[in-house]
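K.L.:
What shape does this take:
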Amino acid sequence: MSESRQMIQVFKPSLGEEELQALAEIFKTGWIGLGPKTREFEEKFTEYVGAKYCVGVNSATAALHLSCLALGIGAGDEVLVPTITFVSTAHAAAYCGATPVFVDVDPETLTIDPEDLERKITPRSKAVIPVHYGGHACSMEEIWAIAQQHGLFVIEDAAHATGSKYCGERVGGLKGTDATCFSFHAVKNLPVGDGGMITTNRVELVQVLHRLRWVGIDKSTWDRTEEVSMEQESGVRRYAHYGWYYEVHDLGYKYHMNDISAAIGLVQLEKLERANEQRRQIVQHYNEAFRDVDWITCPVEREYTESAWHNYVIKTPYRDALNLYLKDKNIATGVHYMPIHLQPYYRKSSKVTLPVAEKVWTQLLTLPLYPDLTDSDIEYVVSSIHSFPLRQ
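P.N.:
Numbering: from 1, shown residues only. Got it, this is the predicted structure:
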């Protein structure tokens, strides 16, 4: 075990004094629930991705679930999802009573394979959820064409893709998509602790999503709060006047974002482009360092996308041995992901065989990648991998 160096994490949020100051400001107001900071964050994020509407929620899992609900997905429907993704992508469909149908992936990008997608479509198919794995955008033109031909909704899972681009346009504002779901979890490119966002260009979805995220209520607490003025001897004083009346129109969920998360999110959004550029520089360093290592395959970035580089995933036949070797050197690594159709819960009902995913996932290893990774840390990771004794 290496004792001289602190553990290098796989992911680590980049937070500073600006976030503390933002939190101090909202603590002074006394408004820390769903309120004006959430609305401001939604507006700023809408502008950033180029969408018409944004709805802030408490996780990407919630974003996916509500998107499925708002599009009318339910019992008897099938939702096509790539098998290499976080389990929430499949759970979102199952929460609605629909059946997740697992699709194989491209062996290089690990994004959904359009050819296998088309093979898996049946008369029960209602939607497809392409996942921008690691920040690398899916081949959306192919997916939109298939969806249009078969009458499928398209819900992009952009949990890894905050800041990614597809054909020069930001993921989140793409015109052929019904809804896009983002994650602001603690390890993501825009971390707020936990949180998520749904972007869409469909106004009718926004109205439903606002109700569903707040237990079916037609107006949030902030929307029912009005500022009123009262003249006093010392001058005009302003007070918040709470309007109590609301109606419940849907069986909704307690999924809304709060102003604590939104305050952090506003600061992180300002830092996002710089942070993603730092990620890109680290990726370039890794790529150059491992270019001639014949037992490592580096991740790719195809010409149609500009990845946000949420993670850096190599492929190696020595995955498990390298994982343990690096752990002994105080370097944490991860595996993203074991295919969902192989997980015990889904294995009971899904008998599908997906040869690409089943082969490639045994070789996947995620290396440390985050903006605050120092030059010394990067060199230590690289030199440690170069010193790895191959184990046949």
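
K.L.:
Spatially, what comes nearest to Gly76 if we skip its sequence neighbours?
P.N.:
Ranked by Cβ to Cβ, 6 or more residues apart in numbering and with sequence neighbours excluded, the top spatial neighbour of Gly76 is Arg124, at 6.5 Å. All C-beta atoms are positioned from the backbone trio N, CA, C, and that covers glycine.

K.L.:
which residues touch the one you found?
P.N.:
76-78, 99 (Cβ atoms under 8 Å, 6 or more residues apart in numbering).

K.L.:
repeat for Thr162
P.N.:
Counting by Cβ under 8 Å, 6+ apart, Thr162 touches 182-184, 188-190, 272, 308, 310.

K.L.:
at 10 Å what do you get?
P.N.:
Residues near Thr162 by Cβ atoms under 10 Å, 6 or more residues apart in numbering: 45, 48-49, 132, 135, 170-172, 182-184, 188-191, 197, 268-269, 272, 275-276, 308, 310.

K.L.:
just Tyr346 next, same as before
P.N.:
Taking Cβ under 10 Å, 6+ apart, one finds 83, 87, 90-91, 94, 100, 102, 339-340, 352 in contact with Tyr346.

K.L.:
low-confidence ranges in the protein?
P.N.:
1-3, 220-243, 391-392 (pLDDT under 70).

K.L.:
From the centroid of the protein, which residue is nearest?
P.N.:
In the chain, the C-alpha nearest the mean C-alpha coordinate belongs to Ala159, at 0.9 Å (Cα atoms, centre = their mean).

K.L.:
Name the nearest residue to it, ignoring sequence neighbours.
P.N.:
Ser183 (3.7 Å).

K.L.:
Same check on Trp295?
P.N.:
In space, Trp295 is closest to Thr316, 5.7 Å off (Cβ to Cβ, 6+ apart).

K.L.:
And for Pro13?
P.N.:
Pro13's closest residue in space is Pro191 (Cβ to Cβ, 6+ apart), at 3.9 Å.

K.L.:
Dihedrals phi and psi, the one you found?
P.N.:
phi -90, psi 130 (degrees, to the nearest 10).

K.L.:
Check Tyr53 too.
P.N.:
Torsion angles, degrees, to the nearest 10, at Tyr53: phi -140, psi 150.

K.L.:
That one: how many residues sit nearby?
P.N.:
18 (other Cβ atoms under 10 Å).

K.L.:
show me the contacts for Arg202.
P.N.:
52-53, 70-71, 177-179, 208-209.

K.L.:
I figured Thr61 hits Ala93, correct?
P.N.:
No - the criterion here is Cβ atoms under 10 Å, and Thr61 misses it with Ala93 at 11.8 Å.

K.L.:
Neighbour count for those two, which is higher?
P.N.:
More crowded of Thr61 and Ala93, by other Cβ under 10 Å: Ala93, with 26 against 23.

K.L.:
Which helix or which strand is home to that one?
P.N.:
helix 88-95 (DSSP states H and E).

K.L.:
who does that helix touch, helix- and strand-wise?
P.N.:
helix 60-70, strand 78-82, strand 99-103, strand 125-128, strand 153-157, strand 179-183, helix 344-347 (3 or more Cβ pairs under 10 Å, 6 or more residues apart in numbering; DSSP states H and E).

K.L.:
where along the stretch 201-350 of the chain do the helices fall?
P.N.:
203-212, 259-290, 319-328, 344-347 (DSSP state H, counting those that start in this stretch).

K.L.:
Keeping just the C-alphas, turn the first one into PDB.
P.N.:
This points to helix 203-212. Taking Å, rounded to 0.1, in the frame of the first residue of the first chain, the C-alpha atoms of helix 203-212 are listed here in PDB:
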ATOM      1  CA  VAL A 203     -45.000  23.900 -23.800                       C
ATOM      2  CA  GLU A 204     -47.700  21.400 -23.000                       C
ATOM      3  CA  LEU A 205     -45.100  19.200 -21.300                       C
ATOM      4  CA  VAL A 206     -44.000  22.000 -19.000                       C
ATOM      5  CA  GLN A 207     -47.400  22.600 -17.600                       C
ATOM      6  CA  VAL A 208     -47.700  18.900 -16.700                       C
ATOM      7  CA  LEU A 209     -44.200  18.600 -15.400                       C
ATOM      8  CA  HIS A 210     -44.600  21.600 -13.000                       C
ATOM      9  CA  ARG A 211     -47.600  19.900 -11.400                       C
ATOM     10  CA  LEU A 212     -46.100  16.400 -11.300                       C
END
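
K.L.:
Please identify the buried residues of that helix?
P.N.:
205-206, 208-212 (16 or more other Cβ atoms under 10 Å).

K.L.:
With the last one instead?
P.N.:
Using 16+ other Cβ under 10 Å as the test for burial, helix 344-347 gives Tyr346.

K.L.:
start at 379 instead
P.N.:
Let's use 379 as the start, then, which means that last one is helix 722-725.

K.L.:
next structured bit after it?
P.N.:
Past helix 722-725, the next helix or strand by DSSP H and E is helix 733-738.

K.L.:
ok, Pro492 touching Ile499?
P.N.:
No - counting by Cβ under 10 Å, Pro492 stays clear of Ile499, with 11.1 Å between them.

K.L.:
shared neighbours, those two?
P.N.:
Common neighbours of Pro492 and Ile499 (Cβ under 10 Å, 6+ apart) are 481, 506, 524.

K.L.:
Give the buried residues for the helix or strand harbouring the last one.
P.N.:
Okay, so that is Ile524. Ile524 belongs to helix 518-528 when assigned by DSSP H and E. Counting neighbours by 16+ other Cβ under 10 Å, one finds that the buried residues in helix 518-528 are 518, 520-522, 524-525, 528.

K.L.:
And those residues, which is closest to Leu745?
P.N.:
Met518 (27.2 Å; Cβ to Cβ).

K.L.:
ok, now which ones touch that closest one?
P.N.:
489, 492, 508, 510, 525, 532, 534, 544-545, 547, 549, 552, 554-555, 682-683.

K.L.:
sorry, back to before: export the contacts of Arg580 as a markdown table, with columns for distance to Asp672.
P.N.:
A markdown table is the format used below for the contacts of Arg580 (distance: Cβ to Cβ, whole Å):
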| residue | distance to Asp672 |
| --- | --- |
| Lys430 | 48 |
| Tyr431 | 49 |
| Ala448 | 49 |
| Leu449 | 46 |
| Thr555 | 39 |
| Asp556 | 44 |
| Ala557 | 43 |
| Val586 | 53 |
| Leu587 | 49 |
